[in-house]
Structures are given as structure tokens and as C-alpha cells.
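Enquirer: sequence unknown, structure follows:
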């Protein structure tokens, strides 16, 4: 090991940051639990999604497609497409974290936007591992607790229209999209994708318009010339990551 | 529904593990990176519009659009996620009362 060890102050700083992100994302979990139940999933199905899938945007997507009347497998396909960005995060994080064997198998489960964001800029393997683990584990615990609370509360509400919960789903997707709209190309893709999806709604089965909009990403990605670095989230991009 | 949850859940985990296990150069083709960056943007934008403006196979503008309007304002004002989501619900619910 040629890397200098972290000082006690650095360690506690990294741990504090990770916990703060965990608390902030826990709040999303309440929203997810309520939205998933109002989309027609059971409380058990909602909780298993958070435990097993554990990647927020994909979970919201599955629930959202089902809420719109889409086939569950269309929802699963949308969730998987959204999950591909975690593969890119993994490619970036693997040389930093340098885990092998069962540690890597375990770490993969908490490889998400937040853990990546709070580890990618740490500079040393020790710092990256500490940031990744504290953020990943605190988000995992709080996200699942919050999901259960939100799901039970959502079930108590009953008809999602009563408190406008059906409007919460669109707002949640917009909040997830918002940080990505800082780049002109991304804005263009977002507008095109929205237009494609809306124009297909009247003629296709629910769930299909969203998948078809993914084609816009493919088209623009293949046609574009300008290089840009892979969009790996940083501390400013996650809730609670920047104070 | 359970089958979809298990398939998508296990699939999402395998996507994560694949990323941590492959050498970095495997997916470093610029086109692949661009498409992968743009997929979340396209899917989330489509999810927003379908969620708000579709009712089955019909296109509608109803209380949900007002909720989305609130969400835009709240995001512009850098409000936290829960305020955005809960506020959108409240606006839509109030609009239905009127």
C-alpha cells in the first residue's frame, strides 16, 4: 500500500456525508412506497422491489408503466433499460474499489447513483470504499424502511385519485429527470422522447410508448458526433450530497 | 406481476455485477456510452408525459397537468424531492375539489 491512510477526521467526514445522503434518499422511499401501491402493486410486491431491485428510477418505472395500464413485463423491460446505467457506474467504480470475490458480489447490490456519486471523487481506494459502503448501506436500510412505511400509508389512502397520488408519479419522474436537463443534447432528447411517447399512446398498448421513446436515445446516440464524458453522478447530483 | 418483479429485480442486480466485473475497456466505445447516457433521459421524459397526459389510450389534460406545473415550479425553486411530489399531489387533489 503506497496510499496514505485516511485520518480520523477524513473518515468521519466521509461517513457523515454517506449517512446524510442515506437520510435524504430515504425520503424518496416513502414516495416510492406510496406510488407503487397506488399503481396496483401489493405491499409485499412493493417491498420486494426495494429489497431485490434496489435502484430507484427502475423501481419507479416498473410501477409507473403498470399504473398506466401496461403489462408487467413492459414495466420490467423499462426497468431493465434504466438499470443499464448502473453497469456504466460499475465499469467506472471497479478500478477504484478493487474488490474481488464475494465482496464484489455483495458490493454490486448497493451500486447505485448515490453510492457512486459519494465514492467516485475520493481519490484513494480506502476513501472510495468507505464512501461507497456507508452511502450504499445507509441508503439501503433507509430506502427499504421508508418503502414499507410509504406502502402501508398508500394502502390506507385507497383510491390514488383521492389525494392526487396519481399526479405524484409524474412529478417523481420529473424530479428524477431534472438534474439531467443541464445539457442541450439531453433537453433535445427529452423533448423528442416525450413527443414520440405521446404520439404513440393512442395506437399502442400501454407500456409500449415509453419503450419506443427509448429508440430516441438510440437514434440520437448513434447520430451524434460530439464526444462527451460518461455521465457519472457526483455529490452535487444526489439528494443530501451537497450542503 | 410477481414474475415481472423477480425478472426485473434479478436482471437489475446482474447489470450492476456485470459493470463491476468487466474490464473498463469493454464498453468504452463512444457510441455505446452516448446511448447509455441518453437512455435514462428519454425513458424518464416519456414516463413523465405518459403518466400525466395519458388515460389508457386517450390523451387528456386534467388535474395531473396542474400537479406537474407545480412540480416544475418547485424544481425551479430547488425544493426537495418530497415537497415536489407531495405538493403535486395536493395541487391535483385540490383541483379536483373545485
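Expert: Received, thanks. These figures come from a predicted structure and were not determined experimentally.
Enquirer: check contacts around the residue most central in space within chain B.
Expert: Closest to where the C-alpha atoms of chain B average out (Cα atoms, centre = their mean) is residue B:44, at 3.8 Å. Residue B:44 makes contact with A:57, A:82, A:173-174, A:176-177, A:180, A:190 under the criterion Cβ atoms under 8 Å, 6 or more residues apart in numbering or on different chains. C-betas here are computed from N, CA, C, even on glycine.
Enquirer: go again using 6 Å as the cut-off
Expert: Residues near residue B:44 by Cβ atoms under 6 Å, 6 or more residues apart in numbering or on different chains: A:173, A:176-177.
Enquirer: Please list the outside residues in contact with stretch B:68-84.
Expert: The contact list for stretch B:68-84 (Cβ under 6 Å, 6+ apart) reads A:27-28, A:170-171, A:174-175, A:178, A:239, B:52, B:87-88, B:91.
Enquirer: Quick one: end-to-end distance for it.
Expert: This stretch, stretch B:68-84, spans 9 Å end to end (Cα to Cα, to the nearest Å).
Enquirer: For it, buried residues please.
Expert: Judged by neighbour count using 16 or more other Cβ atoms under 10 Å in any protein chain shown, the buried positions of stretch B:68-84 are B:68, B:70-71, B:74-75, B:79, B:81, B:83-84.
Enquirer: mean confidence score for it?
Expert: Stretch B:68-84 carries an average pLDDT of 93.
Enquirer: Mind checking which of the contacts of residue B:44 land in helices?
Expert: When these are checked against helices (DSSP state H), the matches are A:173, A:176-177.
Enquirer: What is the burial count for the residue nearest to residue A:86 when sequence neighbours are not counted?
Expert: Excluding the flanking residues, the one nearest residue A:86 by Cβ to Cβ, 6 or more residues apart in numbering or on different chains is residue B:16, at 4.6 Å. As a burial measure, residue B:16 scores 23 neighbours (other Cβ atoms under 10 Å in any protein chain shown).
Enquirer: buried sites along the helix or strand where residue B:16 lies?
Expert: Residue B:16 is part of helix B:2-21, with elements assigned from DSSP states H and E. Buried residues in helix B:2-21, counted by 16+ other Cβ under 10 Å: B:4-5, B:7-9, B:11-13, B:15-21.
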